[in-house]
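1. please find the sequence and the predicted model below.
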Amino acid sequence: MTMAKQYTTRTKASVPAAAAVGLSDVAVRFRSRKRDVTALREVSLDVAPGEFVAIVGPSGCGKSTLLKLVAGLLKPSSGKVRLGGEQVDGVRHDIGYVFQRAALLEWRSARRNILLQAEIRKMPPAQARGRTDELIRMTGLAGFEDAYPHELSGGMQQRVALCRALLHEPPVLLMDEPFGALDALTREQMNMELNRIWRETRTTVLLVTHSISEAVYLADRVVVMSPRPGTISEIIEVGLDAEREYGETLGRPEFRDAAAHIRDLLGAASAHD
Amino acid sequence: MSQSALTKSPPEAEGVVRRAGPSAGERFARAAEQSWRPVALLLVCFAVWWVISAAELVKPYLVPSPGATLDVLTGKAGYLWQHTWVTTYETLLGFLIAVAVGVLAAVVMVYSSTVERTLYPILLFAQVVPKIAIAPLFVVWLGFGIEPKILIAVLIAFFPVVISMVTGLKAVDPEMLQLSATMGARPWQTFLKIRFPASLPHLFSGLKVAVTLAVTGAVVGEFVGANEGLGYVILQANGNLDTPMLFAGLLVMSLIGVVLFVAVEIAEMLLLPWHASRRDASATTTY
């Protein structure tokens, strides 16, 4: 929310130089004893600041690998990865990361789990506390800030993980199937809240998901990937407004067209596989 | 380990489930309710013992009566207490040294695979060599004081501490480590805030094994050459065919182990309340 408002019309990918995230002709090969496995090849993608990009594809197509490249947790075998205009060379600290599992520290309350980010970054305590309170309100965690992870439902745990990822106001938020372990109803609610939080924070989001409707509902653009070796088969512009009412959006022709198209692409990919 | 709760969570439209752990009172009540059976079993054992000796099924110099044993426990309380204190002191010192050295060794081994590969064979060798067989050697080296007893207690308690601590430090969620890397954590921050606390439940299960083994270690040391301690008391009683004293010594010795074990459990409950309440919850599963 401290980010400027100039990204309100956030549709087409802008010039690569201004991209929040840029991948150009990236390939990742893992060398095992018997053979080389190509996890990703010829992946080029530019994400504009403030844009929400969802990445869908069958299991093992390298979606998670792509996020790890952006975070600098993994080095590409060839090609270039840029984040905030700089080449990624080592683990980056100007991101927030949310995994499928909440990965919370059991011995810390929700609030202190969120504050781990501040402690490690040595943020000024007053600022960190203020920001934590703000995020707790924003994500609907109020009343649960002193609960321990084992006292929280899966959805609540993921809210804590999201708060922790947003505490330092990262320009880019990376989400790796964050709602994959939640039941359908909780997942829908988390989708609505993520849409609202994204509109409030103006953060660039890269979301890996298996759910086509989740991808289309949340994203400006959906990247569809093909399996082994993983590469981008198509990028779909969703063309919906940023503010999306859940039930209404799912009934919109833009939503249905995009979802049907993605389903065709994924079906073709799996038939080919 | 922190993620199992996620998959266990029942579906909730609101995504909000507040499952409070049992209060201290509830936990005590449950412990009392659960402990009557073992207490009853213990009483049955005593009753059988009493019947056997009262009916003189076995000669009294082989199995003394509970009364005779109790007489020794009360009548020679001063003598027993003096030697109990020696054995407890050796056990505790051995245990504490084993914990300090074991935890340190585990940390170094987890952070350096070279050290791990180098140390592991020696560790294993030290573990498999029968302590009772090397005990005489320690007496030759260190004399008849408490040093060889402490050394044997350390040797015997060291292994479970190292193994549990290494397991605990390695059991950290890899995603948690990646997360701390993206936060820009220094290695010592990751260790202090994530790895070390996450390893404590594992460490404590090792400590419970180690503390009971430490008693054995101290007594083994006393058997080989000592003029004080419960091991010495038992050897003396054995030589004199003083079975009531022998039984009294055995009872007190077992009691040391039980008390120390419970002390470690209480320390665990106080230090890791988050873990204790989790374990209680999973222990009550009925399927």
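-> In hand now; what should we look at?

2. the helix or strand B:Ala105 falls within - contacts with which helices or strands?
-> Using DSSP states H and E, B:Ala105 sits within helix B:77-111. Other helices and strands packing on helix B:77-111, by 3 or more C-beta pairs under 8 Å, 6 or more residues apart in numbering or on different chains; DSSP states H and E, are helix B:113-128, helix B:147-170, helix B:196-224, helix B:230-239, helix B:243-271. No exception for glycine: its C-beta is placed from N, CA and C like everyone else's.

3. least confident of those helices, on average?
-> Lowest mean pLDDT of those: helix B:113-128, a mean of 87.

4. to the chain's geometric centre, what's the distance from stretch B:224-234?
-> 22 Å (C-alpha atoms, centre = their mean, to the nearest Å).

5. mind listing what's buried in that stretch?
-> By 16 or more other C-beta atoms under 10 Å in any protein chain shown, the buried positions in stretch B:224-234 come out as B:224-226, B:228-234.

6. closest one of those residues to A:Pro149?
-> B:Leu230 (45.2 Å; C-beta to C-beta).

7. residue contacts, that closest one?
-> B:83-84, B:86-87, B:219, B:222, B:249, B:252-253, B:256 (C-beta atoms under 8 Å, 6 or more residues apart in numbering or on different chains).

8. what's the nearest residue to it if we skip its chain neighbours?
-> Once flanking residues are discounted, B:Leu230 sits nearest to B:Thr87: 4.4 Å by C-beta to C-beta, 6 or more residues apart in numbering or on different chains.

9. quick one: pLDDT of that neighbour?
-> On the pLDDT scale, B:Thr87 gets 94.

10. could I get the contacting residues of it?
-> By C-beta under 8 Å, 6+ apart, the neighbours of B:Thr87 are B:215, B:218-219, B:222, B:229-231, B:253, B:256.

11. can I see the domain layout of the chain?
-> Because you didn't say which chain, this covers chain A. A:5-94+A:170-272, A:105-169 (automatic domain parsing).

12. actually, chain B is the one I wanted.
-> When chain B is cut into domains by automatic domain parsing, you get B:27-57, B:76-283.

13. which stretch among these is buried most, on average?
-> Among the domains of chain B, domain B:76-283 has the highest mean neighbour count (mean count of other C-beta atoms under 10 Å in any protein chain shown), at a mean of 19.

14. now do that one: distance to the chain's middle.
-> 6 Å.

15. from A:Val56, how far out is the residue in the stretch 51-200 of chain A positioned nearest to chain B?
-> In the stretch 51-200 of chain A, the residue that lies nearest chain B is A:Gly155 (2.6 Å; C-beta to the nearest C-beta). Noted for A:Gly155: a distance of 22 Å to A:Val56, by C-beta to C-beta, to the nearest Å.

16. also B:Trp141?
-> In terms of C-beta to C-beta, B:Trp141 sits 69 Å off from A:Val56.

17. residues contacting the least confident helix or strand in chain A by mean pLDDT, please?
-> The weakest-scoring helix or strand in chain A, judged by mean pLDDT, DSSP states H and E, is helix A:253-272 (a mean of 77). With C-beta under 8 Å, 6+ apart as the contact definition, helix A:253-272 has outside contacts at A:56-58, A:212-213, A:215-217, A:222, A:224, A:226-227, A:233-234, A:236, A:238-240, A:249.

18. could I get stretch A:142-158 in CSV with only the CA atoms?
-> C-alpha atoms of stretch A:142-158 as CSV (Å, rounded to 0.1, in the frame of the first residue of the first chain):
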residue,chain,number,x,y,z
ALA,A,142,-7.5,-10.7,14.5
GLY,A,143,-8.3,-12.6,17.6
PHE,A,144,-5.9,-15.4,16.7
GLU,A,145,-2.6,-13.5,16.9
ASP,A,146,-1.7,-15.3,20.2
ALA,A,147,-2.7,-18.8,19.1
TYR,A,148,0.0,-21.4,18.4
PRO,A,149,0.1,-23.1,15.0
HIS,A,150,-1.3,-26.3,16.3
GLU,A,151,-4.4,-24.4,17.5
LEU,A,152,-5.0,-23.0,14.0
SER,A,153,-6.8,-24.4,11.0
GLY,A,154,-4.9,-24.8,7.7
GLY,A,155,-6.4,-21.6,6.3
MET,A,156,-5.4,-19.6,9.4
GLN,A,157,-1.9,-21.1,9.3
GLN,A,158,-1.6,-20.0,5.6
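
19. now do the buried residues in that stretch.
-> A:144-145, A:147-158.

20. C-terminal to the helix or strand the residue of the stretch 51-200 of chain A closest to chain B falls within, which secondary structure element comes first?
-> In this assignment (DSSP H and E), A:Gly155 forms part of helix A:154-166. Next helix or strand after helix A:154-166 toward the C-terminus (DSSP H and E): strand A:172-176.

21. helices or strands up against that next one?
-> By 3+ C-beta pairs under 8 Å, 6+ apart, strand A:172-176 packs against helix A:63-71, strand A:95-98, strand A:204-208.

22. that older thread, closest one to A:Val28 among the domains of chain B?
-> Of the domains of chain B, nearest to A:Val28 by C-beta to C-beta is domain B:76-283, at 16.3 Å.

23. can you list the low-confidence ranges for chain A?
-> Across chain A, residues meeting the criterion (pLDDT under 70) sit at A:1-17, A:268-273.

24. make JSON lines out of the helices and strands packed on strand A:172-176 and add mean neighbour count and distance to A:Gly140.
-> As requested, those are exported to JSON lines (neighbours: other C-beta atoms under 10 Å in any protein chain shown; distance: least, C-beta to C-beta, whole Å):
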{"stretch": "helix A:63-71", "mean neighbour count": "23", "distance to A:Gly140": "25"}
{"stretch": "strand A:95-98", "mean neighbour count": "27", "distance to A:Gly140": "16"}
{"stretch": "strand A:204-208", "mean neighbour count": "26", "distance to A:Gly140": "18"}
